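Colleague: next comes the sequence, and after it the predicted model I'd like to discuss.
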Amino acid sequence: TQLLEQSPQFLSIQEGENLTVYCNSSSVFSSLQWYRQEPGEGPVLLVTVVTGGEVKKLKRLTFQFGDARKDSSLHITAAQPGDTGLYLCAERTYKYIFGTGTRLKVLA
Amino acid sequence: SAVISQKPSRDICQRGTSLTIQCQVDSQVTMMFWYRQQPGQSLTLIATANQGSEATYESGFVIDKFPISRPNLTFSTLTVSNMSPEDSSIYLCSVEDRRGSVGTDTQYFGPGTRLTVL
């Protein structure tokens, strides 16, 4: 069974700092999605990466897919309190498999 | 995109009772899923709700405990039966917009139902 490990598990930083969240797999991803979930809401899809080495940007968020397609990272530049939430990576095989999650808190 | 509503948004229930959670989508969708999530933690898939046939359950989840209905392409229910405190969790439904090619599938989630069992 595919396991998606995320690190760190928790992250508390000051506004304006940069951070990186990692998602690692025991096997090759077909594609990988990143979601953000705010308290009281369902997860919202941020991006899908498909090609090894691919880099996608969404405003201050940069998503990278490893060359071997077994890992991915999410980098946030100049974090803001609105970035606070639970970040989840996920792979779609015959079903969706979600990562262990990273809880981010950005302090004003 | 798809807009999903769930009812109830939260409930507090007594041990041994059952609760039915409703999920309504604003458009017809093929794939609907039910997940369980402990607050602040990841999502665990309970089952795939199939329209017109029995749901497909994941390992560790059984129909007697979590019966699911899917009468049409816009609606599904999940019942949590004979509840115990261990069933306290957030239950989320989701739908998938499948485009057919890799990397184009999008999953949309409802806001969740927060269940507390006393």
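Modeller: Yep, that arrived.
Colleague: near chain A, which residues of chain B are found?
Modeller: Taking C-beta under 8 Å from any C-beta of the partner chain as the measure of proximity, chain B contacts chain A at B:4, B:33, B:40-45, B:48, B:58, B:92, B:94, B:102-112. All C-beta atoms are positioned from the backbone trio N, CA, C, and that covers glycine.
Colleague: in strands only, show me the residues you listed.
Modeller: Secondary-structure check on the residues of chain B next to chain A using DSSP state E: residues within strands are B:4, B:33, B:43-45, B:48, B:92, B:94, B:106-109.
Colleague: same question for stretch A:86-105: list its buried residues.
Modeller: Residues of stretch A:86-105 classed as buried under the neighbour-count rule (16 or more other C-beta atoms under 10 Å in any protein chain shown) are A:86-92, A:96-99, A:101-104.
Colleague: what about residue B:74, neighbour count?
Modeller: Applying other C-beta atoms under 10 Å in any protein chain shown, we find 18 other residues in the vicinity of residue B:74.
Colleague: please disregard the earlier target; I meant residue B:54.
Modeller: Counted with other C-beta under 10 Å, residue B:54 comes out at 13.
Colleague: then residue A:74?
Modeller: Counted with other C-beta under 10 Å, the neighbours of residue A:74 add up to 23.
Colleague: list the contacts of it.
Modeller: Under the criterion of C-beta atoms under 8 Å, 6 or more residues apart in numbering or on different chains, the contact list for residue A:74 reads A:20-21, A:23, A:34, A:46, A:61-63, A:87, A:89.
Colleague: now the strand or helix carrying it: how far from the chain's centre is it?
Modeller: Secondary-structure assignment from DSSP states H and E places residue A:74 in strand A:71-76. Between the mean C-alpha location of strand A:71-76 and the chain-wide mean there is a distance of 6 Å, by C-alpha atoms, centre = their mean, to the nearest Å.
Colleague: could you report the pLDDT at residue 9?
Modeller: Assuming you mean chain A. Looking at residue A:9, its pLDDT is 95.
Colleague: my bad, the chain I had in mind was chain B
Modeller: The model reports residue B:9 with a pLDDT of 96.
Colleague: how near is the spatially most central residue of chain B to residue B:91?
Modeller: If you average the C-alpha coordinates of chain B and look for the closest C-alpha using C-alpha atoms, centre = their mean, you land on residue B:34, 2.6 Å from that point. Distance check for residue B:34 against residue B:91: by C-beta to C-beta, to the nearest Å, it reads 7 Å.
Colleague: now residue A:107
Modeller: Here the criterion is C-beta to C-beta. By it, residue A:107 lies 31 Å from residue B:91.
Colleague: my guess is residue A:102 meets residue A:13, correct?
Modeller: No: with contact defined as C-beta atoms under 8 Å, residue A:102 does not count as touching residue A:13 (11.8 Å).
Colleague: name the helix or strand of the chain that has the lowest mean pLDDT.
Modeller: Going with chain A. Counting by mean pLDDT, DSSP states H and E, the weakest-scoring helix or strand in chain A turns out to be strand A:96-98, with a mean of 91.
Colleague: oops, wrong one, chain B.
Modeller: Here the helix or strand of chain B ranked lowest by mean pLDDT, DSSP H and E is strand B:106-109, holding a mean of 91.
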